[in-house]
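Trainee: based on what follows, work out the 3D shape:
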Amino acid sequence: MRFGLLGPLTAQDAVGPLVIGSAKVRTLLGILLLRRGQAVASDELKDALWGSDLPATATSSLYNHVTRLRRALGREGEDRIRSVPPGYVLDVEHGELDVDVHEELLRAARTARLEEDWEIVRRSCATALGLWRGKPLADLPQLTQSLRYGPEFQALEEARLDAAEWRCEADLRLGRYDGLAAELYTLAERHPLREGFSRHLMIALHRTDRQAEALEVFHRLRRTLADGLGVEPGRAVQEALAEVLGGDGQPSGAKSSGAKPPAAKPSSANPSANPSAEPAPASPPAPASESESPSAITRSHF
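Mentor: A predicted model of the protein is given here:
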């Protein structure tokens, strides 16, 4: 079987998609998948299904919903959903849930980053991003808006951003600049406190002969961090700034796909000046078309 949480809830067997049924049955499956392999207390399930409007028949109604879910999952339903104190547990096998596949791909990407194998990083992250079909459990707002399950959804969002950031980093390391700046402009705008996107954008702009824009990205990030968190950009961003001010299109030790990045053109920003002296703001480029960006998935869901 296959289950999907990285978007609207899905379930399918060897024949095809399964019809799960009512909203409450779908909510029940969503919770059991979020807590897969763990016993979920009946009280927690009742709270998710009815909240403060708990009916007097809640215990028997929960049992009926579990029975319907087992039937919806077909012949395997009875064995997969087990009654265990203090409630129920759903057994999910390796590779059946998109979230688990996503985590496995990110583990491979993390190891490859340490080994500087950027092709594997890019491939693993691109595959992970391809699993996303929208917001997790987008069709079950009673779960996505619940404080109880907030940590699970936050962890999924952080994993998605890690995949996007690492894939962009791999593109930079491999010298694949086509459409990358436009994608990173979008990501940096949507996640202004995440320094990695702005850092990668600075480098992508610098290596495509747009130094003035790269400096403006730095100053905008610096203002955002100062206003929002009261901190300065971190070491990685400062190193990117040094590359921009140094005028070198390829830092020492970086690996390339063989394509030599263009030399930086002179700009109105004085490379020897203090980087805290802000240049005149540069207008960002027009949004790239779908064919220009190396990852339409990233732009669509971030």
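Trainee: only C-alpha atoms for contact and neighbour calcs from this point on.
Mentor: OK.
Trainee: buried stuff in stretch 227-243?
Mentor: Of all the residues in stretch 227-243, those buried under the rule 16 or more other C-alpha atoms under 10 Å are 233, 237, 240-241, 243.
Trainee: endpoint to endpoint, it covers what distance?
Mentor: End-to-end distance of stretch 227-243 (C-alpha to C-alpha, to the nearest Å): 25 Å.
Trainee: okay if I get the buried residues of stretch 227-243 as a markdown table plus distance to N64?
Mentor: Output for those, formatted as a markdown table (distance: C-alpha to C-alpha, whole Å):
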| residue | distance to N64 |
| --- | --- |
| P233 | 55 |
| V237 | 56 |
| A240 | 59 |
| L241 | 61 |
| E243 | 63 |
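Trainee: among the residues you listed, which are in helices?
Mentor: Counting by DSSP state H, the members of those that fall within helices are 237, 240-241, 243.
Trainee: which parts of the chain are helices?
Mentor: For the chain, the helices defined by DSSP H cover 23-34, 42-50, 58-72, 77-80, 98-114, 118-129, 141-144, 150-173, 180-190, 195-207, 211-228, 235-246, 296-301.
Trainee: hey, which of the ones you listed is tucked in deepest?
Mentor: helix 195-207 (a mean of 26; mean count of other C-alpha atoms under 10 Å).
Trainee: how far does it sit from the chain's center?
Mentor: Centre-to-centre, helix 195-207 and its host chain are 18 Å apart (C-alpha atoms, centre = their mean, to the nearest Å).
Trainee: who's in contact with it?
Mentor: Contacts with helix 195-207, where a contact means C-alpha atoms under 8 Å, 6 or more residues apart in numbering, come from 165, 168-169, 172, 177, 180-181, 184-185, 187-188, 191-192, 211, 213-215, 217-218, 221, 233-234, 236-237, 240-241, 243-244, 249-250, 261-264.
Trainee: next: stretch 55-64.
Mentor: For stretch 55-64, the surrounding residues in contact (C-alpha under 8 Å, 6+ apart) are 42, 45-46.
Trainee: re earlier: the helices of the chain: which one's closest to L6?
Mentor: Closest to L6 of the helices of the chain, according to C-alpha to C-alpha: helix 98-114, at 6.8 Å.
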